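# Give me the fold of what follows.
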Amino acid sequence: MNLLQSQKERAEAEIKKIEKISESLTGKFSTVRDSAFARFPMIFVLLSSFGLVATFYGFEKVIDQIPYFNENPHMILMTGVVVLVLTGALYKKLN
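Residues are numbered from 1 along each chain as shown. This is a model prediction of the structure:
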């Protein structure tokens, strides 16, 4: 019984050490991240905008390659609305 207790205590001590290390690393990385954004806000805005536009353009090109959606554009609208309703309901349920 003593052996199990001492192993448990050692494991808990190791876990606490790992948690302290991760907390200190998180703090250091967040300051680097924040300072990079503060120094170069326009670059981050442009990169974020490019990523968003590229994603939408990619979705458009993929949808254009699906013959059913290409011939029935109203189905794209209906599918999009259904997806939004389902994700909204899922968000509401998880919240």
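
# tell me which element residue 10 falls in.
helix 2-39 (DSSP states H and E).

# and whichever helix or strand comes after that helix with helix 2-39, angle?
Sequence-wise, the next helix or strand downstream of helix 2-39 (DSSP H and E) is helix 41-64. For helix 41-64 against helix 2-39, the angle by axes from the mean of the first three to the mean of the last three CA atoms, to 10 degrees is 100 degrees.

# Run the chain-centre distance for the helix or strand following helix 41-64.
Following helix 41-64 in sequence order, the next helix or strand is helix 67-71 (DSSP H and E). Per CA atoms, centre = their mean, to the nearest Å, the displacement of helix 67-71 from the mean C-alpha position of its chain is 31 Å.

# Can you give me the distance of residue 45 to residue 14?
According to CB to CB, to the nearest Å, residue 45 stands 43 Å off from residue 14. No exception for glycine: its C-beta is placed from N, CA and C like everyone else's.

# scratch that, residue 39 is what I was asking about
In terms of CB to CB, residue 39 sits 38 Å off from residue 14.

# and if you look at residue 48?
39 Å.

# got it, and residue 71?
61 Å.
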